[in-house]
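Asks: got a predicted structure here, sequence first:
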Amino acid sequence: MLKQNTKFWMLSAFMALTTSAFTQDSFNADNGKKLFEANCVSCHAIDKKVIGPALRGIQLRRDSEWLVQWIRNNEKFRKVTKDPDAIALYNEYNGAAMNVFENLTRVNVLEIVEYIKTAPEAPKNAVVIDSADGTKKEDNTNVYILLTLVAIFSIVLLILARVKNTLRRIAAEKNPEEYAEWLAPKKGFFEKILPGKWGKLNPKVLTLFSVAIVSVPVLYYGFEFSITEVAVQKGYAPKQPIAFSHQLHAGQLKMNCQYCHSSVEKSKQASIPALNTCMNCHKGVQLTEKYNGEISPEIKKIYTALDYNPEGKEGEQYGKNPRPVRWIRIHNLPDHAYFNHSQHVKVGKQSCQTCHGAIEKMEVVQQVNTLQMGWCIDCHRVSQVDVANNNYYKALHDKAKADIAKNNQSSKYFSADGTVKLTAAMNGGLECSKCHY
């Protein structure tokens, strides 16, 4: 009996040990995916080298314990163990040390490895860029051919109609009896449509009267259209060669407008940032986590324009054939209108939103105001100039205070809140030469 009990307990212990070992070797790939996306995607992709190496098959290249020690604290692992593979990998990437992840447990690391083992391969879809600005070209050849054929056939029909009338007139001269109905006098246009004596009035007078009646509303509409629509691009929102989102960068990420438009306080122009400004972030930020290990298509367009190879060796990543991005201008004033960004932003203390609208909420930038002269004048009439806190206007501020002290409420500079009231219009903002010279 004792012998049987001993066998029973030995068998139970063996089963417990094997079950425990089996449990320890089974790791949750779903949890590993979450850990991978939270800790690894900024530097690694599974099927492609990003900042660090591609991770597919890593469990075949290194054993589990090596991976646990390397991932949790690669610096300590190198220095303590002097592991040749760890040192070689460190040197391969020019001494760029991987982040330390001591917050991850051994099980966490092996769950990440399990996810890498089971992750599906990324689809090998190439982003086709047909032009230097990264946009796909549309072939309109068939449309042009069709329009040309329509024009040719229209001309041929007109010629045939003229030939037909000429031949009929010649035939009528030779055989007037046969073409008597065709040669008989016909009622004029106005005789057909107007009753009684009205149709018998001088057709030239009736024609001029009709033209006048039609022309008045047409001319009025044309004038209205010319001043409100011609060259007025309110609502214009073209598709840009690279889909840059102000909503993401200025809205969600709270990036200062001047990080990209660096000359807005110093120059007439706000400037379009060079792509190297984009590369300050996007040399490392590639959004591979959103594209199954592939670099974002829009970021690829930046790389294409710069002739940049993210997989190239350090110092050899930039090629010799960069191409400019052909951005489409949205806010475009006529040549005879002068506008200075620094004057409005630095001196006038105006925000970008005054003219450009809620730019931080725009996924696609559009022109929200007409930017016509009337719109500018209306703004100049209500926009206050901060003369009290700007040394540029010190003399004007002193003049305004002296006028208020002398004339009290009758002073044009008087304001009920005690501040000096001075609009851009009062400071010469309605003079033609300020904007047209």
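Replies: That came through, no problem.

Asks: which SS class is N91?
Replies: helix (DSSP: H, G, I helix; E, B strand; the rest coil).

Asks: residues contacting it?
Replies: Taking CB atoms under 8 Å, 6 or more residues apart in numbering, we find N91 in contact with no residue. Where C-beta positions appear, they are placed from N, C-alpha and C, glycine not excepted.

Asks: remind me which residues of this structure are low pLDDT?
Replies: 1-25, 42, 122-139, 185-186 (pLDDT under 70).

Asks: one more pass at 50, please.
Replies: Counting by pLDDT under 50, the chain contains low-confidence ranges at 1-4, 8-9, 11, 13-24, 125-136.

Asks: domains of it?
Replies: Following automatic domain parsing, one finds the domains of the chain at 19-118, 141-228, 239-332+344-367.

Asks: and the longest one, how far from the chain's centre?
Replies: Mean-position distance between domain 239-332+344-367 and its chain equals 8 Å (CA atoms, centre = their mean, to the nearest Å).

Asks: any idea how far apart the tips of it sit?
Replies: 13 Å (CA to CA, to the nearest Å).

Asks: gap between the closest residue in space to K187 that isn't next to it in sequence and V214?
Replies: Among residues not flanking K187 along the chain, G199 sits closest, at 7.9 Å (CB to CB, 6 or more residues apart in numbering). The gap separating G199 from V214 is 19 Å, by CB to CB, to the nearest Å.

Asks: the two: which has the busier surroundings?
Replies: G199 (16 against 10; other CB atoms under 10 Å).

Asks: return the residues in contact with the more buried one.
Replies: When the contact criterion is CB under 8 Å, 6+ apart, the partners of G199 are K187, G188, F190, E191, K192, I193.

Asks: of all these, which comes closest to I159?
Replies: G188 (27.0 Å; CB to CB).

Asks: against P53, how distant is that closest one?
Replies: 90 Å.

Asks: more neighbours: which of those two?
Replies: P53 (16 against 13).

Asks: how about the contacts made by that one?
Replies: Taking CB under 8 Å, 6+ apart, one finds H44 in contact with P53.

Asks: Q317 too?
Replies: Y308, N309, P310.

Asks: can you flag the buried ones in these?
Replies: Y308, P310 (16 or more other CB atoms under 10 Å).

Asks: ok, so of the contacts of Q317, who is nearest N140?
Replies: Once CB to CB is applied, the member of these that ends up nearest N140 is Y308, at 31.8 Å.

Asks: my guess is that closest one contacts G319, does it?
Replies: Yes - counting by CB atoms under 8 Å, Y308 does reach G319; the two are 7.3 Å apart.

Asks: could you point out the longest helix in the protein?
Replies: In the chain, with assignment by DSSP state H, the single longest helix is helix 141-174.

Asks: so which elements touch whichever helix or strand comes after it?
Replies: Using DSSP states H and E, the helix or strand that follows helix 141-174 in sequence is helix 180-183. Judged by 3 or more CB pairs under 8 Å, 6 or more residues apart in numbering; DSSP states H and E, helix 180-183 is in contact with helix 141-174.

Asks: list the buried residues for the helix it packs on?
Replies: For helix 141-174, burial by neighbour count (16+ other CB under 10 Å) applies to no residue.

Asks: quick one: distance of that helix to the chain centre.
Replies: Helix 141-174 has its C-alpha centroid displaced from the chain centroid by 49 Å (CA atoms, centre = their mean).

Asks: who are the packing partners of that helix?
Replies: helix 180-183.

Asks: how far is the helix it packs on from where the chain is centred?
Replies: 69 Å.

Asks: who touches that helix?
Replies: R168, A172, P176.

Asks: okay, the residues you listed in a markdown table with distance to K268 next?
Replies: A markdown table is the format used below for the contacts of helix 180-183 (distance: CB to CB, whole Å):
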| residue | distance to K268 |
| --- | --- |
| R168 | 69 |
| A172 | 73 |
| P176 | 79 |
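
Asks: between these, which is nearest G251?
Replies: For the contacts of helix 180-183, the nearest to G251 is R168 (72.9 Å; CB to CB).

Asks: nearest spatial neighbour of that closest one, skipping sequence neighbours?
Replies: Using CB to CB, 6+ apart, the closest residue to R168 is W182 (6.8 Å).

Asks: tell me how far the one you found lies from K234.
Replies: W182 is 57 Å from K234, by CB to CB.

Asks: in the stretch 301-437 of the chain, which spans are strands?
Replies: Taking DSSP state E, counting those that start in this stretch as the criterion, the stretch 301-437 of the chain carries no strands.

Asks: show me where it has its helices.
Replies: 341-342, 352-356, 373-382, 394-407, 432-435 (DSSP state H, counting those that start in this stretch).
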